[in-house]
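Novice: using only what follows, build the 3D model:
(2 chains)
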Amino acid sequence: MDSVHILAAALSPLCGVDEASLCDWIEVPKNTEMGDYAFPCFRLSKTLRKAPNAIAAELAEKLELPAGFTKCEAVGPYLNFFTDKGAVADTVLSRVLKEGDAYGHSTEGSGKTVCVEYSSINIAKPFGFHHLPSTAIGNALYRIYKALGYHTVGINHLGDWGTQFGKMITAYKLWGDKPVDDYSIRELVALYVRFHEEAEQDPSLNDTARAWFHKIEQGDPEAHMLWEKMKDSTIREVKVTYKRMGVEFDSWNGEAFYEDKMQPIIDELRDKGISKVDQGAQIVDLSEWNMPPCIIVKSDGSTIYATRDLAAACYRKATYDFTKLLYVVAYQQDLHFKQFFKVLELMGRDWVKDCVHVNFGMVSMEGGSFSTRGGKVLYLDDVLDAAVEKTYDIICEKSPDLADKRSAAEAVGVGAILWSVLYNSRIKDVTFSWDKVLNFDGETAPYVQYTHARSCSVLRKAGERPASFDASLLNDPESTALLKAIAAFPEAVRSAAEKYEPYVVARSIMQIANAFNRFYYEQRIMADDEVVRAARLALCDATRQTLKNGLNLLGLSAPERM
RNA sequence: GUCUCCGUAGCUCAGCAGGAUAGAGCAUUCGCCUCCUAAGCGAAAGGCCGCGCGUUCGAAUCGCGCCGGGGACGCCA
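Specialist: Just a heads-up that it's a prediction; the model follows:
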């Protein structure tokens, strides 16, 4: 039973309100000097026909202080409670140190499966900075759900199908000068750009491209092989980038995979009378729900992304039997998801309630926009490299003696970039600017990583320390604030999952890092008094552990030195 | 035009199952390394929480209406 329930149980008989309601009313004051918990008495004034201030005073008088609490006082209309700091400190520290890498984790999701679709890049196209939000947010959610005990399936829904591959093959056949396997993404993109340039002059190239794509569809050996190889080399290359960012997938099934799985959906929609033919296309009329129609089959007989998404959702339900299917996709597609979820509902798939469009804001350049054809692309790798280089320079300047500068620079540089989209609400648009992305001061990943390394450094220097410690010695304001922040971490992880918002975890560890740095400055951890030292070292270790766990949940690594 | 999201300090953002003086970071100004990593800590300054009405004992937080901005709106994804 936690403190809130204990308080509610104690208060209930005095004010004649059931415990459950009281639990909702009890709050944690923003100002820590006001206590650890507070009970506002406004609501009682109606039923008790008394002024809130009087009620608070009276309750303070009558209430018998429950175990674990040291003080209760009436401040105006509030009843403020103070917990036994020593006991709380001991509980928190023992738990963190005992659970270790699993602190913040739980088993609430055991036996349940969560599928997360994220990143979803296009084959033979740049892996650009604009893929960062989906990739970073999706990966963080994947890790967070896994930590909560869910079986997780990370899905990279590749854009690996469509006429652009006919164009790619056409370009390759015309201008290719080495085996397809040897082509890097940038070279493939160059072919694609050249195709569009030349097709301006010679539109017949488009016919050739269509023919090549048709061949892929028909399973023509050469066409299929070329397509397959472009796909393989793209995946091989992006896996390197993914690895840098701690990103993994369990499935790379993209659009091509669902090519043969759409017909049953189309048939079902037609047979159940859900779809109808309109202007030569097969559509589902959604005007009843104030939405434009959802196109299932285009008037030329080919399918469209909605069809593929329907097939994919059904396939995933059948294959993974998920309790949740998350789509980490930009908000531009809000309408599409609303439509496609509605169609699933009309098809009687009641599990559509478990499908969530985890949308996020737009990525843009400071002053321009991205476009593959125009060649105006910002490769994610280039951004990561720049951040790593800058980090390397900083390390050389600040820690010239550090043995493994490269790996620390990699961890911190990449972390800084990931952090930029993990620290704010998903819905916020991000405008890329080198200045912003290369600023490592303040609320950034390097700050948290630095704090982690700092705590490691203290522990390293301390060497052996006694297994037992007296947590009640951690009663100074800085220790108390730090303990509170550490104690809040598991709830932050849960909340992040519930809201599909990794920033909740990011903010939580930021708060811990901040509290630790104040603690570090105000209280000497390596105190002369060895009993005090033991307690502070335990707190330092708990900080280290929690920061590491939090960083890992976000896909960042926690170097021990930097 | 319709639908939808957003609007909090100069800038970027927290806070929004309503509660006690609205919080951070960046930028600006000023302090702090003979001691555990100064990628740090502290201080100053900076706000009709877009505007109005309503609900409430109480609204940045909930509802409605404006204003301003982003996005989407049938054969791209």
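
Novice: so what's A:V28 up against?
Specialist: Counting by CB atoms under 8 Å, 6 or more residues apart in numbering, A:V28 touches A:36-38. All C-beta atoms are positioned from the backbone trio N, CA, C, and that covers glycine.

Novice: that one and A:T70, how far apart?
Specialist: 16 Å (CB to CB, to the nearest Å).

Novice: in TSV: the contacts of A:V28, plus neighbour count, distance to RNA strand B and pLDDT.
Specialist: Formatted as TSV, the contacts of A:V28 follow (neighbours: other CB atoms under 10 Å; distance: CB to the nearest atom of the strand, whole Å; pLDDT from 0 to 100):
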residue	neighbour count	distance to RNA strand B	pLDDT
A:D36	21	10	90
A:Y37	20	8	92
A:A38	21	3	93
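
Novice: taking those residues one by one, which sit in strands?
Specialist: A:37-38 (DSSP state E).

Novice: show residues contacting the helix or strand harbouring A:A190.
Specialist: Here A:A190 sits within helix A:185-201, counting by DSSP states H and E. Residues from elsewhere that reach helix A:185-201, judged by CB under 8 Å, 6+ apart: A:124-127, A:164, A:167-168, A:170-172, A:175-176, A:183, A:205-206, A:209, A:230, A:233-234, A:237-238, A:372-373, A:375, A:377, A:379.

Novice: go again using 6 Å as the cut-off
Specialist: The contact list for helix A:185-201 (CB atoms under 6 Å, 6 or more residues apart in numbering) reads A:124, A:126, A:167, A:171, A:205-206, A:234, A:237, A:373, A:375.

Novice: now, of those, which are buried?
Specialist: Buried residues within the contacts of helix A:185-201, defined by neighbour count using 16 or more other CB atoms under 10 Å: A:124, A:126, A:167, A:171, A:205-206, A:234, A:237.

Novice: count of residues packed around A:G463?
Specialist: 7 (other CB atoms under 10 Å).

Novice: returning to what we had before: mind picking the two most distant members of the buried ones among the contacts of helix A:185-201?
Specialist: Using CB to CB, the two most remote members of those are A:N206 and A:E237, lying 27.5 Å apart.

Novice: contacting residues for A:M291?
Specialist: A:Q339.

Novice: which stretches of the stretch 151-300 of chain A form helices?
Specialist: A:163-175, A:185-201, A:204-218, A:221-244, A:263-271 (DSSP state H, counting those that start in this stretch).

Novice: relative to A:L402, how far out is the nearest residue to A:Y392 once chain neighbours are set aside?
Specialist: Leaving aside its sequence neighbours, A:Y392 sits nearest to A:A409 (CB to CB, 6 or more residues apart in numbering; 3.9 Å). Distance, A:A409 to A:L402, by CB to CB: 9 Å.

Novice: shared neighbours of these two, anything?
Specialist: Common neighbours of A:A409 and A:L402 (CB under 6 Å, 6+ apart) are A:I395.

Novice: and these two? which has more neighbours close in?
Specialist: It is A:A409, of A:A409 and A:L402, that has more neighbours when counted by other CB under 10 Å, with 23 against 17.

Novice: neighbours of the residue in the stretch 201-350 of chain A positioned nearest to RNA strand B, just the number please.
Specialist: Nearest residue of the stretch 201-350 of chain A to RNA strand B, counting by CB to the nearest atom of the strand: A:K298, 2.7 Å away. Other residues within reach of A:K298, judged by other CB under 10 Å, total 14.

Novice: same deal with the one 3 residues further on?
Specialist: For A:G301, the count of nearby residues is 9 (other CB under 10 Å).

Novice: which SS class is it?
Specialist: coil (DSSP: H, G, I helix; E, B strand; the rest coil).

Novice: any idea how far it is from A:E366?
Specialist: 43 Å.

Novice: same deal with A:L539?
Specialist: For A:L539, the distance to A:E366 - CB to CB - is 42 Å.

Novice: looking at these two, which has the bigger crowd around it?
Specialist: A:L539 (28 against 10).

Novice: can you tell me which residues contact that one?
Specialist: A:L474.

Novice: any idea how far RNA strand B is from it?
Specialist: Counting by CB to the nearest atom of the strand, to the nearest Å, the gap from A:L539 to RNA strand B is 11 Å.

Novice: now stretch A:171-178 - C-alpha only, CSV.
Specialist: Only the C-alpha atoms of stretch A:171-178 are listed here, as CSV (Å, rounded to 0.1, in the frame of the first residue of the first chain):
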residue,chain,number,x,y,z
ALA,A,171,18.4,4.2,-65.0
TYR,A,172,20.7,1.4,-63.9
LYS,A,173,20.4,-0.3,-67.3
LEU,A,174,21.2,2.9,-69.1
TRP,A,175,23.9,4.4,-67.0
GLY,A,176,25.0,1.8,-64.5
ASP,A,177,28.6,1.0,-64.6
LYS,A,178,29.1,-1.7,-61.9
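
Novice: give me the contacts around it.
Specialist: A:191, A:195.

Novice: re earlier: my guess is the residue of the stretch 201-350 of chain A closest to RNA strand B contacts A:A281, does it?
Specialist: Yes: using CB atoms under 6 Å, A:K298 is in contact with A:A281, at 5.5 Å.

Novice: and the residue nearest to A:Y331 when sequence neighbours are not counted, helix, strand or coil?
Specialist: If the residues on either side of it in the chain are set aside, A:Y331 comes closest to A:N359, at 4.0 Å by CB to CB, 6+ apart. Following three-state DSSP, A:N359 is assigned to strand.

Novice: show me what A:N359 bridges to in the sheet.
Specialist: For A:N359, the beta-bridge partners are A:V329 (DSSP bridges).
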